[in-house]
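Asks: predicted coordinates and the sequence they were generated for:
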Amino acid sequence: MNRAQAPTWASGLAALMIVAGALALLASIGGRTLPDRTGPPVEELSVERTVLTPGTIELSMRNGRPDPVAVAQVFVNDSFVDFTGGDRPISRLDSDTLRLSYPWQTGQPYHVTLLTSTGAVIEYEIAAAAPTPSADGKLFALMALLGSYVGIIPVVLGLLFLPMLRRLSRGAVQVLMGLTVGLLLFLAVDASLEAIELADQTGTAFGGRMLVVLCGALAFLGLSVVDRTARSRAPADSPGGFRLALMIALGIGLHNLGEGLAIGSAYAIGELALGTGLVVGFAVHNTTEGLAIAAPLTERPPTLVRLAGLGLLAGGPTVIGALLGATVNNPAVSAALLGAGVGAIVQVMVQIWPVLRGQVGQRLTPPVLSGIGAGMVAMYLTGLLVTA
């Protein structure tokens, strides 16, 4: 160790030891000097997964509060039901599974009420009961097929507009990049709203909405590092358009991972109707994503292999998300991944912004602003075609 550095390391180590000793002392005597709570504990159990099999409702729960929670009684639609599990109090951040004996019927709503040992009431709604599909090869094949229909194929179809886009003027390309920003902006807002809704279902166990913010920030910083590294290692004559298209595909891919989770989980709980309407709706909706990837490639189009790779990078995560959503179906995981997708999309928009301005200090032109608005409207209108 360098002698000049020794005093710095020594002072840092000494400060760390003092802080650790003070925290240990505070932990040992702090609780004894403070009074107990003035009221009953605030208990919370968030249901992370529901599994419905004939005659049984299985609830996987997690405690997000400091005090242990013990379930004493369970009611379904105001009727007392027998249950197994919950033999011990659930500690903070711990989970347990309750298996309720109840003859539920497909398509019917059910209101589950949990009564804790302290008399607290925790309620949970099953909007429409449906048998939970078993995680077998048939389910995996179905989710892979569905993910390909709504993710990979539409994005690849959008990339087919590249030959037409190459014939546009520079001003038209700027408008097209504005359209791309509009598409991404709509995706970011839509995913943010969905992530916040899912985070609210998780309670406080994993931070709720702050989990979405954290994952979004980490994805933004991570993609920023990837972009800076790619810029520093790329040859001077390397096409910047492909690098930008790659980042757009990566950002859309993270978004589609969260979208696949939503599709898979909705199918698992019976809220998704598979059919022509779903496939066509998602195909039209996600084809615009392929158009956004193709926009930066107008000057120097890549090889067919690279183009196919971009389509797979953007649409392939839909398959993975659908598989995870149908088998895991955890709101916290879905919220985290959707938050990461939002962060990735915002980082991509930051990269595109200088292209929209053309020159440093130049304001956005009315055509570019119109392109941004058109992109948002296009995503909104095509989103109306998605039926579930």
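Replies: That came through, no problem.

Asks: all strands for the stretch 1-150 of the chain, in order.
Replies: Assigned by DSSP state E, counting those that start in this stretch, the stretch 1-150 of the chain shows strands spanning 45-53, 56-63, 71-76, 79-81, 83-84, 95-101, 110-116, 121-126.

Asks: can you pull the contacts of Q73?
Replies: Q73 sits next to 80, 114-115 when contact means Cβ atoms under 8 Å, 6 or more residues apart in numbering. C-beta coordinates here come from the backbone N, C-alpha and C atoms, glycine included.

Asks: quick revisit: tabulate the strands of the stretch 1-150 of the chain (TSV), appending distance to L211 and mean pLDDT.
Replies: Below are the strands of the stretch 1-150 of the chain laid out as TSV (distance: least, Cβ to Cβ, whole Å; pLDDT from 0 to 100):
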stretch	distance to L211	mean pLDDT
strand 45-53	12	85
strand 56-63	13	90
strand 71-76	25	92
strand 79-81	32	91
strand 83-84	29	90
strand 95-101	16	92
strand 110-116	24	92
strand 121-126	20	89
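
Asks: closest to A374 among the contacts of Q73?
Replies: Minimum distance to A374 across those is 49.3 Å, recorded for L114 (Cβ to Cβ).

Asks: list the contacts of the closest one.
Replies: For L114, the contact set (Cβ under 8 Å, 6+ apart) comprises 45, 71, 73-74, 98, 121-124.

Asks: run the last query once more with 7 Å
Replies: 45, 71, 74, 122 (Cβ atoms under 7 Å, 6 or more residues apart in numbering).

Asks: same question for T116.
Replies: Going by Cβ under 7 Å, 6+ apart, T116 touches 43, 69-72, 122.

Asks: buried ones among the residues you listed?
Replies: 43, 69, 71, 122 (16 or more other Cβ atoms under 10 Å).

Asks: looking at this structure, which helix is longest?
Replies: helix 170-201 (DSSP state H).

Asks: check which helices and strands that one is in contact with.
Replies: Under the contact criterion of 3 or more Cβ pairs under 7 Å, 6 or more residues apart in numbering; DSSP states H and E, helix 170-201 touches helix 209-233, helix 240-268, helix 276-294, helix 331-357, helix 366-383.

Asks: buried residues of that helix, list them for me.
Replies: With the criterion 16+ other Cβ under 10 Å, helix 170-201 contains buried residues 173-188, 190-192, 194-196, 198-199, 201.

Asks: again with stretch 210-221
Replies: Neighbour counts using 16+ other Cβ under 10 Å place 211-216, 219-220 of stretch 210-221 among the buried residues.

Asks: pretty sure S117 contacts D67?
Replies: No: counting by Cβ atoms under 7 Å, S117 does not reach D67; the two are 10.8 Å apart.

Asks: between the two, tell me which one has more neighbours.
Replies: Neighbour totals were compared for S117 and D67, and D67 leads with 17 against 13 (other Cβ atoms under 10 Å).
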